[in-house]
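>>> next input, structure requested:
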Amino acid sequence: MIETPHIKCNKEDVSDFVLMPGDPLRAKYIAETYLKDYKLINSVRNMLGYTGFYKNRKITIFSSGMGMPSMGIYCYELYKFFDVKYIIRIGTAGSFNDDIDILDIVLSTSSYTEGNFAYNFNNIKCNEKKSSDFLNKRIMKKAEDLNMKIKIGRTFCGECFDPYLDNGNVLLERLPKDIVAAEMEAFSLFYVADYLNKEASCLMTISDNIKKKKNITSEQRQTSLDEMIKLALETSLEVK
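Purely as a prediction, here's the structure:
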């Protein structure tokens, strides 16, 4: 049994391949819907983690919580203490783009942030980190095999939920012009993965578009992301 400040389970109960939704209830939904012979492996702070089998591939679904600090804690502990090699964040994101719609799937090639996660973590000023080419190539190939259309590009990792911004237009003026989606966890995941010589990627389903004034419901955030989830699960079969 390994007990960190935030995870308590047997090392052998954690797969080397982890999918990380932000919402603990989404982790529960994925385990119950897609995995066989699954079991709850962590419930510390109600940050639920499950391990089971998807088409005979052992896989762990572990919630990260919201924001870079929470993701940074959980991915660090999974990589460092439980020998996880691969993490794909699967979550929701917003967009400001006219050509991206609700429920589109986005794959992040790199995450840009205005935050100081890297400086706080190891005293290095860094505001952008690439995702794993190794995982991204397999995700893109699997999307092609499954005839899934995904959007691919640079994403923004914020510290505030973008619909609540005092003036979102000011943020847009500051951001690089090729940002395709905005979320709150990927930078810390990519940064920690690179620091520990691991692999990390991020798939997102678009939940809201400020320009189009469209958004999905809280219930849809939890359960209506099946196409993205299937893509991530199928990708796990290509990573041995």
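>>> residue contacts, the residue lying closest to residue 138 once chain neighbours are set aside?
Computed as C-beta to C-beta, 6 or more residues apart in numbering, the closest residue to residue 138 that is not its neighbour in sequence is residue 238, at 4.5 Å. In short, each C-beta sits where N, CA and C put it, glycine included. Counting by C-beta atoms under 8 Å, 6 or more residues apart in numbering, residue 238 makes contact with 138, 141, 142.
>>> residue 200: which element?
Per DSSP states H and E: residue 200 is located in strand 199-209.
>>> who does that strand touch, helix- and strand-wise?
strand 86-95, strand 105-113, helix 133-145, strand 150-157, strand 179-183, helix 186-195, strand 214-215, helix 226-236 (3 or more C-beta pairs under 8 Å, 6 or more residues apart in numbering; DSSP states H and E).
>>> possible to save these as CSV with mean neighbour count?
Formatted as CSV, the helices and strands packed on strand 199-209 follow (neighbours: other C-beta atoms under 10 Å):
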stretch, mean neighbour count
strand 86-95, 26
strand 105-113, 23
helix 133-145, 17
strand 150-157, 21
strand 179-183, 24
helix 186-195, 26
strand 214-215, 16
helix 226-236, 21
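>>> who wins for proximity to residue 69 among those?
helix 186-195 (7.4 Å; C-beta to C-beta).
>>> okay, the angle between the closest one and strand 105-113?
Angle between the axes of helix 186-195 and strand 105-113 is 80 degrees (criterion: axes from the mean of the first three to the mean of the last three C-alpha atoms, to 10 degrees).
>>> hang on, the earlier thing: mean pLDDT lowest where, among the helices and strands packed on strand 199-209?
Mean pLDDT is lowest for strand 214-215 among the helices and strands packed on strand 199-209, at a mean of 66.
>>> if we can go back for a sec, from the contacts of residue 238, pick the one nearest residue 120.
Ranked by distance to residue 120 (C-beta to C-beta), these are led by residue 138 at 31.6 Å.
>>> what sits against that closest one?
Going by C-beta under 8 Å, 6+ apart, residue 138 touches 235, 238, 239.
>>> quick check: residue 229 touching residue 92?
No. Counting by C-beta atoms under 8 Å, residue 229 sits too far from residue 92 to count as a contact (11.8 Å).
>>> how much distance is there from the strand holding residue 200 to the middle of the chain?
6 Å (C-alpha atoms, centre = their mean, to the nearest Å).
>>> ditto for stretch 136-145
With C-alpha atoms, centre = their mean as the basis, stretch 136-145 stands 17 Å off its chain's centre.
>>> for that stretch, C-alpha coordinates in CSV please.
Provided in CSV are the C-alpha atoms of stretch 136-145 (Å, rounded to 0.1, in the frame of the first residue of the first chain):
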residue,chain,number,x,y,z
ASN,A,136,-0.8,12.6,-30.1
LYS,A,137,0.2,10.6,-33.2
ARG,A,138,-1.7,7.6,-31.8
ILE,A,139,-4.8,9.7,-31.0
MET,A,140,-4.8,11.2,-34.5
LYS,A,141,-4.4,7.8,-36.1
LYS,A,142,-7.2,6.3,-34.0
ALA,A,143,-9.5,9.3,-34.8
GLU,A,144,-8.9,8.6,-38.5
ASP,A,145,-9.6,4.9,-38.0
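>>> now stretch 40-47: buried residues?
By neighbour count on 16 or more other C-beta atoms under 10 Å, the buried set for stretch 40-47 is 41, 42, 47.
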